[in-house]
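Undergrad: okay, predicted coordinates and the sequence, questions at the end:
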Amino acid sequence: MGEAPFTPSSSPSVTDTIDFTIMKVGRVTEAIHNMQKGDLVGVRGPFGKGYPLDAWKGKEILIVGGGVGGAPLRALFLALTERLDDFKKILYCYGARTPKDIVYKKQIMEEWPKIDPKKIEIRLTVDEGDETWKGNVGVVTTVVTDLGLDLKNSVAIVCGPPIMMKFATFRLVELGYPDSAIYLSMEKNMSCGIGKCGHCMLGEYMVCKDGPVLTYDLIKDKPAIWD
């Protein structure tokens, strides 16, 4: 059947179960969607390096997500809210193609804003609205504006489709974020998971081992980082 890399979408503090949010887009994911309760799934990992939450203590956090990037960002958001006293503010900007494509729609629209309205702000946008949508229409960078954040004491996290990550990163640089304060979750096809096969090579970095979270200053000059 094969294997494919997935990032958990559940909180890392939950140790008795683990959630994955998987879109059916190929042979492996289709096979997973066809599985029944009780079927056996092999899991290895975790691999690579995640987000340095301890280094972000006392900072304001900006999260910019798009499409299926909302699945792994859920794990990050939950981890941040579980230690909310460590951070000054969380601004979550998320874009989807249509209202129906919003990942974890009920949570992101109804539940998350209520966790702490003074510290947490959620901004949503869709590329194409419908009769039910009353929010912003446009790509995610259209809500990455007037942030109300102290950029000298803020970090930004970007996760989503490559084209979205590209222009979101350019927008953050334009706003004044230092390259070293922009954390990118790089999606490269991984195979071995331990940095040996070279399948996920990004310059001198192996995404499976050195990433997938890498700051923009480390990789901005590497070829084809947005492919």
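TA: Nice, I can see it.
Undergrad: mind listing the strands for the chain?
TA: For the chain, the strands defined by DSSP state E occupy 60-66, 89-96, 120-126, 136-137, 154-159, 182-185, 201-202, 205-206, 213-215.
Undergrad: and those strands: which comes nearest G176?
TA: strand 154-159 (9.7 Å; C-beta to C-beta). For glycine as for every other residue, the C-beta is placed from the backbone atoms N, C-alpha and C.
Undergrad: so which bits of the closest one are buried?
TA: Of all the residues in strand 154-159, those buried under the rule 16 or more other C-beta atoms under 10 Å are S154, V155, A156, I157, V158, C159.
Undergrad: so which of these is the closest to N34?
TA: Distance to N34, by C-beta to C-beta, is smallest for C159 among the buried residues of strand 154-159, at 27.3 Å.
Undergrad: in this structure that closest one contacts S185, no?
TA: Yes: using C-beta atoms under 8 Å, C159 is in contact with S185, at 4.0 Å.
Undergrad: could you dump the buried residues of strand 154-159 into TSV and include pLDDT and distance to D179?
TA: Below are the buried residues of strand 154-159 laid out as TSV (pLDDT from 0 to 100; distance: C-beta to C-beta, whole Å):
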residue	pLDDT	distance to D179
S154	98	14
V155	99	12
A156	99	11
I157	99	14
V158	98	12
C159	97	17
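Undergrad: I61: which of the residues you listed is nearest?
TA: Checking the buried residues of strand 154-159 against I61 with C-beta to C-beta, the nearest one is V155 at 6.2 Å.
Undergrad: partner residues bridging the closest one?
TA: Judged by DSSP bridges, the bridge partners of V155 are I61.
Undergrad: any idea how far G129 is from Q107?
TA: 20 Å (C-beta to C-beta, to the nearest Å).
Undergrad: one more: T21?
TA: For T21, the distance to G129 - C-beta to C-beta - is 23 Å.
Undergrad: may I ask which two of the buried residues of strand 154-159 are separated the most?
TA: Greatest spatial distance among these (C-beta to C-beta): S154 and C159, at 16.8 Å.
Undergrad: coming back round to it: okay if I get the strands of the chain as a markdown table plus distance to N34?
TA: Below are these laid out as a markdown table (distance: least, C-beta to C-beta, whole Å):
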| stretch | distance to N34 |
| --- | --- |
| strand 60-66 | 28 |
| strand 89-96 | 25 |
| strand 120-126 | 30 |
| strand 136-137 | 35 |
| strand 154-159 | 27 |
| strand 182-185 | 28 |
| strand 201-202 | 32 |
| strand 205-206 | 32 |
| strand 213-215 | 31 |
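Undergrad: K49: which of those strands is closest?
TA: Between K49 and those, the shortest gap by C-beta to C-beta is with strand 213-215, which sits at 5.9 Å.
Undergrad: quick one, grab the pLDDT at the residue of the chain most remote from its centre.
TA: The C-alpha centroid of the chain is most remote from G38, which lies 29.6 Å away (C-alpha atoms, centre = their mean). pLDDT recorded at G38 is 94.
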